[in-house]
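Peer 1: Dropping the sequence and predicted coords here.
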Amino acid sequence: SFTLNLDPTTANKLGGIYNVRLLVNDEQRFNQLFAGRTLEVEFYRLWGGYNWRQSVLTPPDPNAPDDGLYGTVFILRDSATRQTIGQFSSFLPPELCPTASVRGLPSYFTENAENWVGGDSVIYDTVRTQFGEIVRIDSVTFGLDVDDNFQKVTRRGTYTSDARCINQWAYGTLGLAFDYEIEQHGGRYRVLDSAEVVSGPKDIYVGLSNQLDAETYKPDSLNLPPGYIDPYFNGVGFVTLYEGSYNNGPGIYEVEFVEGGTERITTTFTADPTRPSDGSGTEVTRTFDVPYLNMKIRNVHSFDRDQVNPDGSVTKVPVNYPFDLSPANVPFAYPPRNQTFPYVEMVPLGSYSSAAFGWRNTRIKEENGVSAVRTLAANRGNTTLNPLGSLNRYYQSRTVSTDGADTLDFVNVISIAGAQWTIDFTARGRRGAAATARAVPTVSSTVTNYPRTDFKAGDKIRFFTAGGAFGYPFDGAKAFIRVEQYDPSQRGTDYTEDQLEQVQVVPNPYYVAHEGVRSAFEGQLFFHRLPPDRKS
C-alpha cells in the first residue's frame, strides 16, 4: 500500500492540479521494486509552438509566428537517491485520445485564444439533437479583439498515463494520473497599460516601461533552459536557442513594500561646469547612504473550481498561487539589449527582477532633452544603461550625498512574467542620458510635476497582465508517495478457509510468491483444490 502527501513547501505551486495518484498494473512487482521507498512526483512547465494560421486558415500562412501552448512535464523519482523512475508530459488536451480528427488544436490551452477556437472571426457552434434538430446556435468570439478580449472559460479533465494512446508505465508497472481545472482567457497574453496604487503616494509614475508589450513564445539566446533538463554547451561555441515563453497565465501582481535597510552607493557624474561644487574636472564622484525597501510580490489572481466530496456534495476550492515570487539576479551582460534590462527572458517563472537607475538633482532643470540631462545621470551619464546599486531593491529617492552637495533620485524597473513596469520618482522617464534610454513609453521634453514623497513600508501597488491560461503548475511543485514495507509471507493470510470455500470456480487459481521464486519474473500460477484426477 502507499500514501500520498503534498510537499507543504511547494503545494501552493500546483495551481489547478489536484488528486495526484499512482497507477499500479502489477502489484507484486510494484512491491518488490518500491516497498519501503518514498517516491516523489515533481512538475515542470512545458512549452510548444503552434499557430492556427499555419494549418487552419485558407490559404495557410506559413510565416505566421508560433504562439505558446501550455504544457507540463512530471517526473517520478526516488526521493532519497533522486533516481529518475519515469518521465511523463502532456499539453492537457480536451480529449486524451481523440476519436475523430479535427483541424487545428481546438480547446488547447494557449497564449492566444485564436488557437483555442481556430479563427479570428465569429464562429457559430450549432448544437443538434440526435435527430438533427437544432437546439441552439452559439456564437463564439473568444479569438476576437485580441487586445481587448477579457472573456474566460474553465476546462477540467483528467490525465492518466494508462490511456490507450499513451500506455506509459515506468518499469512496466507504475503510472501516474491527476485531475485538473484550468482557466483559459480570451485574446492574447499581454500587459495592460493600467496600474494601480493601492496605498501610497499617487503622484509617482507607476506603469508601463519602454517595453510596451509582454514577450511571448519564441526561440531566444537569452531564454533559460527548461527546468527538467540539464543544460549543455555545444563544442563550437554557438548559443543554444531554447524555445519557450515566460508566463504562467494572466496576473494581478501585487507589490508590497516592506522594511529593508540602507546601502552606501558611490557613483560618478559628468561634471556640470555651472556648479562650483563640481570643480573644474570632467567627472565628479559622490557617495550616498540610500535607504531601500524590499518587495513582496505575488500573483493574487484566482478562480474557484468544483470539489466533489465523498458524500456527493460539491464545494468550491480556490485555484491560486499563494506564494511570494523569488528575486532573480539577472546578469547585466548583453549590451545590445540593455534598454530593456532586467531582461524578461532571463527571469524564471515564479520570480521577478528589478533594477534601479540613479539621477542627481532632478528638480534643478525642467529641460529633459539628452544634452540637458547628461550631467544628472549616475554612472557618468550612463549611456551604457548600467543599473545603480544592487538588484531587487526599491531605492527610495531624495537622499542627500554625504558631502551635502547633491540629492539622488531613482527610476526603478521591475520585470515579471514576460512583462515590465516602471516606478519613476524622477519624472525624467529615463534610465540614462542616451536617446535609447527611455524607461517609460514616452518621454516629455520638459518636467514640471515632480512627486513629493516616495513609497514607504506597507504601501502596495498592482500591475496587470491578461490572456493565456491560468492554473498550470510552477516548476518544482511536488507530491510525495510513501510505499509501505512489504512482507510476502503475510500476503493472503487474512483469508480464511471459509472464505476460500466460497469461491465456486474449479479449479481455483490464485497467484502466489514463494521461496522458489528467484526473480521478479518467476511468479507462478498455482491451482487450489484440484480434483484427484487433475493433480498429476
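Peer 2: Yep, that arrived. Note that the coordinates shown come from a computational prediction; the quantities given were computed from them, not determined experimentally.
Peer 1: can you pull out the helices in the stretch 101-250 of the chain?
Peer 2: 113-117 (DSSP state H, counting those that start in this stretch).
Peer 1: Show me the shaky parts of it.
Peer 2: 125-127, 129-130, 135, 138, 232-239 (pLDDT under 70).
Peer 1: Quick one: neighbours of Asn329, just the number.
Peer 2: The number of residues packed near Asn329 is 12, by other Cβ atoms under 10 Å. C-beta here means a position set from N, CA and C on the backbone, and glycine is covered the same way.
Peer 1: Test my guess that it contacts Ala355.
Peer 2: No. Using Cβ atoms under 8 Å, Asn329 is not in contact with Ala355; the gap is 10.3 Å.
Peer 1: Mutual contacts of the two, please.
Peer 2: Taking Cβ atoms under 8 Å, 6 or more residues apart in numbering as the criterion, Asn329 and Ala355 both touch Leu391.
Peer 1: can you count the residues close to the residue nearest to Glu345 when sequence neighbours are not counted?
Peer 2: By the measure of Cβ to Cβ, 6 or more residues apart in numbering, the closest residue to Glu345 outside its immediate chain neighbours is Leu222, 3.8 Å from it. Using other Cβ under 10 Å, Leu222 has 17 neighbouring residues.
Peer 1: which residues does Leu222 contact?
Peer 2: Per Cβ under 8 Å, 6+ apart, neighbours of Leu222: Tyr334, Arg337, Tyr343, Glu345, Met346.
Peer 1: Out of these, which end up buried?
Peer 2: With burial judged by 16 or more other Cβ atoms under 10 Å, the buried subset of those is Tyr343, Glu345, Met346.
Peer 1: Pipe the residues you listed into JSON lines and attach distance to Asp66, secondary structure and pLDDT per row.
Peer 2: Supplementary listing: the buried ones among the contacts of Leu222 in JSON lines, determined by distance: Cβ to Cβ, whole Å; DSSP: H, G, I helix; E, B strand; the rest coil; pLDDT from 0 to 100:
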{"residue": "Tyr343", "distance to Asp66": "21", "secondary structure": "coil", "pLDDT": "96"}
{"residue": "Glu345", "distance to Asp66": "16", "secondary structure": "helix", "pLDDT": "96"}
{"residue": "Met346", "distance to Asp66": "21", "secondary structure": "helix", "pLDDT": "96"}
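Peer 1: which one among those gets closest to Arg128?
Peer 2: Closest approach to Arg128 among the buried ones among the contacts of Leu222 (Cβ to Cβ): Glu345, at 47.3 Å.
Peer 1: I'd assumed Glu215 was in contact with the closest one.
Peer 2: Yes. If you go by Cβ under 8 Å, Glu345 and Glu215 touch, sitting 6.5 Å apart.
Peer 1: Name the residues contacting each of the two.
Peer 2: Common neighbours of Glu345 and Glu215 (Cβ under 8 Å, 6+ apart) are Tyr246.
Peer 1: which strand of this structure spans the most residues?
Peer 2: strand 174-199 (DSSP state E).
Peer 1: if we can go back for a sec, rebuild the contacts of Leu222 as TSV, extending it with distance to Asn392.
Peer 2: Below are those laid out as TSV (distance: Cβ to Cβ, whole Å):
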residue	distance to Asn392
Tyr334	19
Arg337	19
Tyr343	14
Glu345	17
Met346	13
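Peer 1: Please confirm that Trp421 is located within a helix.
Peer 2: No. Using DSSP: H, G, I helix; E, B strand; the rest coil, the assignment for Trp421 is strand, not a helix.
Peer 1: mind listing what it touches?
Peer 2: Val191, Ala195, Val206, Gly207, Leu208, Ser209, Val413, Ile414, Phe463 are the contacts of Trp421 under Cβ under 8 Å, 6+ apart.
Peer 1: do the same with Gly175
Peer 2: Applying Cβ under 8 Å, 6+ apart, the residues contacting Gly175 are Leu22, Leu23, Val24, Asn25, Gly86, Thr160, Ser161, Asp162, Gln168, Trp169.
Peer 1: swap in Glu366?
Peer 2: Thr446, Val447, Thr448.
Peer 1: and the residues you listed, which are buried?
Peer 2: Using 16+ other Cβ under 10 Å, the buried members of those are Val447.
Peer 1: Where is pLDDT lowest across the contacts of Glu366?
Peer 2: pLDDT across the contacts of Glu366 is lowest for Thr448, at 83.
Peer 1: The residue nearest to Leu46 when sequence neighbours are not counted: helix or strand, and which one exactly?
Peer 2: Nearest residue to Leu46, sequence neighbours excluded (Cβ to Cβ, 6+ apart): Gly71, at 3.5 Å. Per DSSP states H and E, Gly71 falls inside strand 67-78.
Peer 1: OK, contacts around Tyr450?
Peer 2: By Cβ under 8 Å, 6+ apart, the neighbours of Tyr450 are Thr362, Arg363, Ala427.
Peer 1: lowest average confidence, helix or strand, in the protein?
Peer 2: strand 508-512 (a mean of 47; mean pLDDT, DSSP states H and E).
Peer 1: ranges for the strands of the stretch 101-250 of the chain?
Peer 2: 123-128, 134-140, 152-160, 174-199, 205-208, 218-220, 242-244 (DSSP state E, counting those that start in this stretch).
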